[in-house]
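In: sequence unknown, structure follows:
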């Protein structure tokens with residue numbers, strides 16, 4: 001004799017972000033993924049002949065582009081990819097570019113990198129900051145058990 005429990009359906013999940021917000025996120029992932037694919041993928045064949053840290057950077061940014069393309073399918077789950085992209089670029093802008101600019105030492109290479117990294121404003125614009133605050137900073141629930 002088997003006792004079966006009644007089938008309990010869970011209430012429909014409330015959409016955490018609007019469709020427009022999800023589309024904006026996807027646009028951010030596409031912008032990031034395509035930009036990195038155009039700039040970094042052609043260099044992959046020469047990775048073994050690059051100086052070690054250039055090779056490391058190339059591989060990391062190529063992996064970031066692949067994750068960005070995966071973000072097109074899973075925009076919320078891969079939000080940390082956009083946060084990482086924003087964090088490292090803002091750190092570089094504040095810790096490297098700004099002091100050099102204030103000291104009058106912006107050479108051509110730094111200026112080029114400054115221009116590229118300034119495009120982070122696109123990513124900053126599409127990140128749903130209220131959601132980030134709620135899920136990552138304020139951390140609803142018990143963050144040690146999730």
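Out: Perfect, thanks for sending it. Everything numeric here is computed off the predicted structure, so don't read it as measured data.
In: drop to CA atoms for contacts and neighbour counts, all remaining ones
Out: Will do.
In: phi and psi next, for residue 72.
Out: When read as degrees, to the nearest 10, the backbone of residue 72 gives phi -60, psi -30.
In: neighbours around it, how many?
Out: With neighbours defined by other Cα atoms under 10 Å, the count for residue 72 comes to 19.
In: in the top helix by length along the chain, what's buried?
Out: As assigned by DSSP state H, the longest helix anywhere in the chain is helix 19-40. Neighbour-count burial for helix 19-40 flags 22, 24-34, 36-37, 40 (criterion: 16 or more other Cα atoms under 10 Å).
In: in this protein, what residue spans correspond to helices?
Out: 19-40, 52-71, 79-92, 98-102, 108-118, 120-126, 129-132.
In: state the mean pLDDT of the fourth one.
Out: Along helix 98-102, the predicted local confidence has a mean pLDDT of 93.
In: so which bits of it are buried?
Out: Quick answer for helix 98-102 (16+ other Cα under 10 Å): residue 100.
In: and what of the fifth one?
Out: Burial within helix 108-118, assessed by neighbour count using 16+ other Cα under 10 Å, is assigned to 114, 117.
In: what's the answer for stretch 52-59, then?
Out: 55, 58, 59.
In: repeat for stretch 86-94
Out: Residues 86, 89, 90, 93 are the ones in stretch 86-94 that count as buried (16+ other Cα under 10 Å).
In: rebuild those residues as a markdown table, extending it with distance to residue 130.
Out: Output for the buried residues of stretch 86-94, formatted as a markdown table (distance: Cα to Cα, whole Å):
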| residue | distance to residue 130 |
| --- | --- |
| 86 | 16 |
| 89 | 21 |
| 90 | 19 |
| 93 | 24 |
